[in-house]
Structure formats: C-alpha cells, structure tokens
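In: Predicted model follows, preceded by the sequence.
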Amino acid sequence: MRFSDIPGLGRTKDKLRRAVEAGKIAHAQMFAGPAGSANLTMALAYATYLNCTDRKEGDSCGQCPSCTKADKLIHPDLHLVFPVSAAGNKSGKDVVSDSFVAEWRQFALSSPYGGSVEWSMAFGGENKQLNISREESRNIVRKMALKPYEGTYKVMLIWLAEFMHPTAANALLKLLEEPPDKTVFLLVTNDAEQIIGTIFSRVQMLRIRGFDNDEVVNYLVSQYHLAEEQSQKIAIACAGNLNQAIKLINDGDQDTRTSFQDWMRTCFKLDYIKMVQASDQFSKITKIQQQGFLQYGMSTVRNTLLSRHQMGQLIHTNSAEKEFADNFAKAFSNAQLEKLYNLLNSASYHLERNGNPKIVFLDTSLHVGSTFRT
Ligand SMILES: [Zn+2]
C-alpha cells in the first residue's frame, strides 16, 4: 500500500511524511477513523513508507525489496495483530492472530476498507465475539523484544484495537510507554471512544475523516471503471464509507438486477426446473460475483423494508431500483422479507465457508419459494 493508492486525504498524508522527514516518528500512534475510512490503508501506507529504501516524491517506491514484501503484507518487520474468535479447529490458546494471518492478509488485500463483520465472515468466525486476548498481548511483548530483521523499523500494527481485552491492553502499557528503539506501534480503530484511557494517553492521535464525495467518485471511477454519474450517486448514498460504496456498486448493475428479479420470480412460482437451471448458472460465475449477487439481494430487501416505512428516497441509487423495491413491498409481508433476508445472508455465509454453490443456491431457492408461499 502506498499513499498514492488512497484517494485524497492530502493533509493527513503530509502530516505523516513531515514527521518522517523531521525524524519525529511517534513510537505509538493511533489511526482513528470511522468505518470504511482510510484508517487501515493509511497505517499500511505509512508502515511501507517507513521502511522503504528508496522513497520518492513523498511516497514509498513500491519496488524496493522492502516495499515488495510490505505490499503483500509479508514483510518480516511488519507484525499484524487483529481481533479473532474460535473457528474451525482453532480454539483456546490458538485463538490468536498468528493462527489466522494468511486469512487476514487475503482479506486486507482484497477488502482494505472492510470491517469486523466482513472479517469475521472471511475467516469463518460465525459472528462469534471477536477479541484481542491476553494471550495475544504476550505474543506482542515477545515479538517486540526481537531486533528488526531487515527493516529500519519494526512495526506492530494492531487493527481494530477497540477489540482489545482490558487485560491485554494493561499488559501492553509499559511497552507502549517505553518501546524498544526503532519500534513503532500503529493502532487502527473505528471507535476510539472504546479504547481504554490508559492506552489512549500513551499514543499520539491521528484522526482520519471519512472520505468526501470527490474522493469516493475518483476511487470508483479509477478503480472500478464506473461511470461518473453512477459514482456520484453511490458517493452520496455511502456517506464517506468506502466499504459501503463498494457494496453499492452491484446495486447499479443492470445484469445483477435482472437476474435477481428473474430468480425471485422462479422461486415464487416454485418452478423446480428453472431453479435447477439457475443454480447451474450461479455455480459458473466467480465467487466474488456470487457474493455480489447475494449482497445485491440483501440490499434490495433492506431497501424494500425501508420503502415500506416511506424512507425509500433516502437509499435508492436509481429509479429502476425503486420500482422493483416498491413492487416487492406490495407483494410480501415484513415477516416474509425478513426471512428472505436471513436466507440470503445464510447463503452468503455458507459460500464464504466453501459450500458447494450449486447446492447452496438450490437449497436457498427452495426455502425462498416456500417462504413466499406461506
Ligand atoms: Zn520502496
């Protein structure tokens, strides 16, 4: 991650660059920003910048051995800590970041603006309570006692530090106050108010605002090749939350809308032959497209429930969307829609955990059909 990969936020980037140039690198810094902000990406870009051996024009070079490793989140001096919960065969003392680091790398590289819910889905945490445990803090202390391997700085990045258990936080106080030389703590948080006061007083605060409309538009146009007009609508709907903006992209996709509407009709008619055909089609698209399709369905159902409460104009990104949601609202009760939402959510969850797409989709179709008929 480089500063230039993050849309806008020039003043925040300047502040970090100037601190490095002046040799005034905070040994413990908190990157606090709302959900879907650049708090994680900024911390990663800063960590990369710190250890880059060929900084250029106020950014890391992206090409030196240090940058190459930092880009893949495999730099040996970039230590990653994040909240986890028991999952699969990992329980007890194994419920620490090191056990899930491969999953987290994949998550952070593909969804750098994602939050705890997406992360929990990604590693199969089944929405269990996430936690940065006392055991984790022991690992942190142990790792920080080592000399840097390759880099100038050893960086300990703690993502979503608000999930830190008080005993873990207390175990880190001394280290935060008197860290070893050339050691940098970067605490990333979506909710600074939840961080206990004793930690708070030991870190330098860097507030990161949510993205503004232009920044969201630039990002969607350059990264997702979206039309300017569509990007504008999404920018307004997502209110500075880039995670939300990326989810909304599928809302504007006509193909997704058409196939979701067709599927709902098939389910309503309990047309088994078409259900099987649709499941076949579904299994042939990519995993990301499958998730996008289900996310689209969930946001449609949510919009429908809201439009029933006459809040529709607040959340629709276009008129075709509104028409579909209105029709949906007329045909089904709140209870049916809530059930539909849960079925889509559970399909998404099973696919995330490598369920067979054909089976998951067919099973969901049958349940949706019977929900509509009750
Ligand atoms: Zn470099």
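Out: Thanks, I have it.
In: can you list contacts of stretch 181-188?
Out: Contact with stretch 181-188 is made by 25-31, 39-40, 43, 46-47, 50, 144, 148, 152-161, 175-176, 179, 195, 199, 203, as judged by Cβ atoms under 8 Å, 6 or more residues apart in numbering. C-beta coordinates here come from the backbone N, C-alpha and C atoms, glycine included.
In: Might you enumerate the residues of the stretch 1-150 of the chain proximal to the ion?
Out: Along the stretch 1-150 of the chain, the residues adjacent to the ion under the rule Cβ under 5 Å from the ion are 52, 54, 60-61, 64, 67.
In: want to try CSV for these, with pLDDT and neighbour count as columns?
Out: CSV is the format used below for those (pLDDT from 0 to 100; neighbours: other Cβ atoms under 10 Å):
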residue, pLDDT, neighbour count
C52, 96, 23
D54, 95, 11
S60, 97, 26
C61, 96, 17
C64, 96, 16
C67, 96, 23
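In: Roughly how far does the residue lying closest to I249 once chain neighbours are set aside sit from K247?
Out: Closest residue to I249 apart from its sequence neighbours, by Cβ to Cβ, 6 or more residues apart in numbering: Y224 at 6.0 Å. In this view, Y224 and K247 are 12 Å apart by Cβ to Cβ, to the nearest Å.
In: next one: A35
Out: A35 is 12 Å from K247, by Cβ to Cβ.
In: Neighbour count: those two, which is higher?
Out: Counting neighbours by other Cβ atoms under 10 Å for A35 and for K247 shows that K247 has the greater number, 21 against 18.
In: can you pull the contacts of the more buried one?
Out: Contacts of K247 by Cβ under 8 Å, 6+ apart are 295, 299.
In: give me the element it is part of.
Out: Per DSSP states H and E: K247 is located in helix 242-248.
In: what stretches of the chain score poorly on pLDDT?
Out: Along the chain, the parts satisfying pLDDT under 70 run over 126-127, 250-254, 288, 307, 309-321.
In: Strands along that one, start to end?
Out: Here the chain has its strands, by DSSP state E, at 28-32, 78-81, 154-159, 183-189, 204-207.
In: so can I have a markdown table of the ones you listed showing mean neighbour count?
Out: Shown next, in a markdown table, are the strands of the chain (neighbours: other Cβ atoms under 10 Å):
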| stretch | mean neighbour count |
| --- | --- |
| strand 28-32 | 23 |
| strand 78-81 | 23 |
| strand 154-159 | 25 |
| strand 183-189 | 25 |
| strand 204-207 | 14 |
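In: A278 is nearest to which of the ones you listed?
Out: Evaluated with Cβ to Cβ, the strands of the chain place strand 154-159 nearest to A278, the distance being 38.1 Å.
In: Now do the closest one: which elements does it pack against?
Out: helix 39-51, strand 78-81, helix 134-144, strand 183-189 (3 or more Cβ pairs under 8 Å, 6 or more residues apart in numbering; DSSP states H and E).
In: Looking at these, which is nearest to F123?
Out: strand 78-81 (13.1 Å).
In: Which residues does that closest one contact?
Out: Residues from elsewhere that reach strand 78-81 (Cβ under 8 Å, 6+ apart): 47, 51, 69-70, 73, 97, 101, 104-105, 132, 136, 139-140, 143, 151, 154-159.
In: can you do 7 Å?
Out: The contact list for strand 78-81 (Cβ atoms under 7 Å, 6 or more residues apart in numbering) reads 47, 70, 73, 97, 101, 104, 132, 136, 140, 143, 155-158.
In: just how off-centre is it within its chain?
Out: 17 Å (Cα atoms, centre = their mean, to the nearest Å).
In: Can you give the strand pairings for it, parallel or anti for each?
Out: Paired with strand 78-81 in the same sheet, following DSSP bridges, are strand 154-159 (parallel).
In: picking up where we left off before, looking at the contacts of strand 78-81, which has the most residues close by?
Out: Ranking these using other Cβ under 10 Å puts I158 first, with 29 neighbours.
In: Apart from its chain neighbours, what residue comes closest to T371?
Out: Once flanking residues are discounted, T371 sits nearest to K339: 4.7 Å by Cβ to Cβ, 6+ apart.
In: Pull up the gap between whatever residue of the stretch 101-250 of the chain ends up closest to the ion and S279, please.
Out: Residue of the stretch 101-250 of the chain nearest the ion, by Cβ to the ion: G151 (10.7 Å). G151 sits 49 Å away from S279, going by Cβ to Cβ.
In: cool, and V84?
Out: 33 Å.
In: W159 versus the spatially most central residue of the chain, what's the distance?
Out: For the chain, the residue nearest the mean C-alpha position is G114 (0.8 Å; Cα atoms, centre = their mean). Per Cβ to Cβ, G114 is found 10 Å from W159.
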